[in-house]
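Enquirer: quick one: sequence plus predicted model below, questions after.
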Amino acid sequence: MLFMGCLVLAFSSCKPKNAGSALSGDAAAKAYVAPGKYDGFYNFVSGGFSGQMSVYGLPSGRLLRVIPVFSVDPEKGWGYSEETKPMLNTSHGFVPWDDLHHTELSQTNGEIDGRWIFGNANNTPRVARIDLSTFRTAEIIELPNSAGNHSSPFITENTEYVVAGTRFSVPPDDANGDVPINTYKQNFKGTISFISVGKEDGKMDIAFQLLCPGVNFDLSHAGKGKSHGWFFFSCYNTEQANTLLEVNASQKDKDFIMAVNWKKAEEYIKAGKGKKQSVKYAHNVYSDKNHSATSEIKTEVTVLDTKEFKDICYMIPCPKSPHGCDVDPTGEYIVGSGKLAALIPVFSFDKLQTAIGAKDFIGDYDGIPVVKYESALYGEVKKPGLGPLHTEFDGNGNAYTSFFVSSEVVKWNIKDLKVVDRVPTYYSVGHLCVPGGDSKKPNPKYLIAYNKITKDRYLPTGPELAQSAQLYDISGDKMQMILDFPTIGEPHYAQAVAADVVKNRSLKFFKFDDNQHPYATKGETNARVVRQGNQVHIYMTSIRSHFAPDNIEGVRVGDEVYFHVTNQEQDWDVPHGFAVKGASNAELLIMPGETQTLKWVPDRSGMFPMYCTDFCSALHQEMQGYVRVSPAGSNTPLTFSTGKTAPATEADPVKK
Ligand code: RUQ
Ligand code: CUA
């Protein structure tokens, strides 16, 4: 069976010949950034099943930061401090993990503006916005009527919208989902969410959802320039299979790229044509004013059924289970990448418009008009490689496509569709990134390949080996590999931008005077401990190199103790950490000027040391204290102090 052969290939992927690494000294110099010198680019890399996003400098490949997004991170207290817990709230309650596949930087006029970066959660569908002045997750919105939020978070050229297409079609949230799985064709629907983004503050809101046929939406990209106002989504499983998709969703020779006229959809929404649907989803916002998150459960979305409006969606046939769906910098060319295809179809936006105008349709798919393949096609790149996945652009008329099965990057010319160069990757490349490579203005110095498999490339580390990134210089005619570095988690999409666009917005510390946290302690003289029933609130300060108070007595077993620690520093890069023995919690890492809270319920009486976890000064190791815990019901008075070494007035129970 020919088809099975293909499948085996897709699974195993070939190891290219000459899998060597012979890098010339010249290549090494290109990736060398001298100690103390800054990199020229930031690279924001999705962490896949780590749920986080990591930030590398390019060309050095130095890891600069891991930003906690959808997964708890004990290193930073993300999801452990009382202030950050609401960020991981969903309609299913607190969800401490997710799978982040795609990163997308905000744009103005189709160029990266350095304000925010968005990330998607695949498993429990969510979209996050990270603020690039703090490199912290500022907002997370959950998506109703969705499952497997893969086709996300892609943006329009002025960040008007972030879109999110559902990978799994499912019965709508307000329908009875308790139906036989094999009623897929009747009961399962696909949705696409349009999340609006506040022009100034970036605040997200679900503007509307499009109800679509039950297929798997895989990836997407917005139109730009002439195609601004349109969005393109690759879809597979147009067979609508509900089992063994590796065979059953690969039956048809062509699936689709769905073209969406979102400006039209917007008009219908403005004209009140949307239907209100009752749903449940969480909207979580972190404030740098009170250093706390709030989570609100929302209960309604507006849905447009695309079947009822014949001029919103159009299906373009696309060979063999399309995965990547990329739009070139001019907005004219739309590149589909069939995972099982041996060619790359390139569609023309102008031809698509003509075909739609002339109603050049070959029928409909579940009520959506299907455009004739040849009528939308600009041309095909013939025999480019095996298993095309993703394409990025250099703005000089070239496209770069990753090939998972043949483990290579292929450079081709968009006008004549001729292959001009190819280089191996080690191994099984997924996404690619050129700085600004999906914007109107790429910065084509480098190309980074994100590889799924590294096999023999690094020292063995047990059954699981690192995933990796490989950096290529693409400034000349020939691509040249100059660096190879392991990544955190499994990298999927990544974006990069010239350092200048981001670095000057970077915040150095939070202004103390602006701290509106209800439990902020401003100045050591205000440090105190307050009991409210069985709650003990500790208003604590931290400054190099002590806590106030650092001696606390009168806490009892079963009390709920809240350490509200305010970092008094007003200087760049002086966080203090905080941890207490036996706490079933992570540490806190408190930035200068910020307040964070650790909840602790002591389960036994005794002496509990606490200390600063982040090396903050020569006397960091002295930054410590004690909490005395007495049995439940004891009448040890609640006392607290800093710098007091009063002689023991109480009888020493040990000596007696
Ligand atoms: S994916 S390797 Cu973006 Cu999840 Cu293509
Ligand atoms: Cu504060 Cu170490």
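Expert: It's in. Ligands and ions are numbered 1, 2, ... in the order given.

Enquirer: close to ligand 1: what parts of the stretch 101-250 of the chain are there?
Expert: Within the stretch 101-250 of the chain, the residues that sit near ligand 1 (CB under 6 Å from any ligand atom) are His101, His102, His150, Leu219. In short, each C-beta sits where N, CA and C put it, glycine included.

Enquirer: which of the residues you listed fall in strands?
Expert: Secondary structure from DSSP state E places His101, His102, Leu219 of those in strands.

Enquirer: most neighbours, which of these?
Expert: Among these, Leu219 has the most neighbours (other CB atoms under 10 Å), with 28 neighbours.

Enquirer: wait, that residue sits on Ser151?
Expert: Yes - here Leu219 reaches Ser151: they are 5.6 Å apart, a contact under CB atoms under 8 Å.

Enquirer: so what sits against both of those two?
Expert: Taking CB atoms under 8 Å, 6 or more residues apart in numbering as the contact rule, the neighbours common to Leu219 and Ser151 are Phe233, Ser234.

Enquirer: re earlier: Throw the ones in strands among the residues of the stretch 101-250 of the chain next to ligand 1 into JSON lines and include distance to ligand 2 and pLDDT, thanks.
Expert: Supplementary listing: those in JSON lines, determined by distance: CB to the nearest ligand atom, whole Å; pLDDT from 0 to 100:
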{"residue": "His101", "distance to ligand 2": "36", "pLDDT": "98"}
{"residue": "His102", "distance to ligand 2": "37", "pLDDT": "98"}
{"residue": "Leu219", "distance to ligand 2": "45", "pLDDT": "98"}
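
Enquirer: list the contacts of the residue in the stretch 151-300 of the chain positioned nearest to ligand 2.
Expert: Per CB to the nearest ligand atom, the residue of the stretch 151-300 of the chain with the smallest distance to ligand 2 is His291, at 17.9 Å. Listed by CB under 8 Å, 6+ apart, the contact partners of His291 are Glu83, Phe510, Asn515, His517, Ala520, Glu594, Thr595, Gln596.

Enquirer: so what's the fourth one closest to, chain neighbours aside?
Expert: I take that to be His517. With CB to CB, 6 or more residues apart in numbering as the measure, Thr595 is the residue that lies nearest to His517, at 3.9 Å, once sequence neighbours are left out.

Enquirer: go on, the first one?
Expert: Once its chain neighbours are removed from consideration, Glu83 has its nearest residue in Ser292; the separation is 4.4 Å (CB to CB, 6+ apart).

Enquirer: what's the answer for the second one, then?
Expert: Nearest residue to Phe510 in three dimensions, chain neighbours excluded: Gly593, at 3.4 Å (CB to CB, 6+ apart).

Enquirer: what is the burial count for the one you found?
Expert: Neighbourhood size, Gly593 [other CB under 10 Å]: 25.

Enquirer: kindly report the same for Ser641.
Expert: With neighbours defined by other CB under 10 Å, the count for Ser641 comes to 16.

Enquirer: who does the spatially closest residue to it that is not a sequence neighbour form a beta bridge with?
Expert: Closest residue to Ser641 in three dimensions, ignoring its sequence neighbours and counting by CB to CB, 6+ apart: Asn551, at 4.9 Å. Following DSSP bridges, Asn551 is listed with bridge partners Tyr626, Ser641.

Enquirer: and stretch 576-586, what's buried?
Expert: Along stretch 576-586, the positions that meet the burial threshold by neighbour count (16 or more other CB atoms under 10 Å) are His576, Gly577, Phe578, Ala579, Val580, Ala583, Asn585, Ala586.

Enquirer: tell me the contacts of the first one?
Expert: Read it as His576. Under the criterion of CB under 8 Å, 6+ apart, the neighbours of His576 are Ser542, Ile543, Val565, Asn567, Glu569, Leu589, Ile590, Cys612, Asp614, Cys616, Met623.

Enquirer: now, the most widely separated pair of those?
Expert: In the contacts of His576, two members sit farther apart than any others by CB to CB. They are Ile543 and Leu589, at 15.5 Å.

Enquirer: show me how far stretch 446-455 is from its chain's centre.
Expert: Taking CA atoms, centre = their mean, to the nearest Å, the mean C-alpha location of stretch 446-455 is offset from the chain mean by 18 Å.

Enquirer: quick check: the gap between the nearest residue to Phe404 once chain neighbours are set aside and Gln467.
Expert: Ranked by CB to CB, 6+ apart and with sequence neighbours excluded, the top spatial neighbour of Phe404 is Gly387, at 4.3 Å. Gly387 sits at a distance of 18 Å from Gln467 (criterion: CB to CB, to the nearest Å).

Enquirer: same check on Glu569?
Expert: For Glu569, the distance to Gln467 equals 37 Å [CB to CB].

Enquirer: go ahead and confirm Asp73 touches Val66.
Expert: Yes - taking CB under 8 Å as the definition, Asp73 is a contact partner of Val66 at 7.4 Å.

Enquirer: list residues touching both of those two?
Expert: Common contacts of Asp73 and Val66 (CB under 8 Å, 6+ apart): Gln52.

Enquirer: who's Leu58 bridged to?
Expert: Per DSSP bridges, residues listed as beta-bridge partners of Leu58: Phe41.

Enquirer: how about it, what does it touch?
Expert: Leu58 is in contact with Asp39, Gly40, Phe41, Tyr42, Asn43, Pro435, Tyr446, Ile448, Leu471, Ala496, counting by CB under 8 Å, 6+ apart.

Enquirer: ok, and the closest non-adjacent residue to the second one?
Expert: Closest residue to Gly40 in three dimensions, ignoring its sequence neighbours and counting by CB to CB, 6+ apart: Ala499, at 5.8 Å.

Enquirer: wait, what's in contact with the one residue in the stretch 51-200 of the chain that gets nearest to ligand 1?
Expert: Nearest to ligand 1, among the residues of the stretch 51-200 of the chain, is His101, at 3.8 Å (CB to the nearest ligand atom). The contact partners of His101, taken as CB under 8 Å, 6+ apart, are Ser46, Gly48, Asn120, Asn122, His150, His492, Tyr493.
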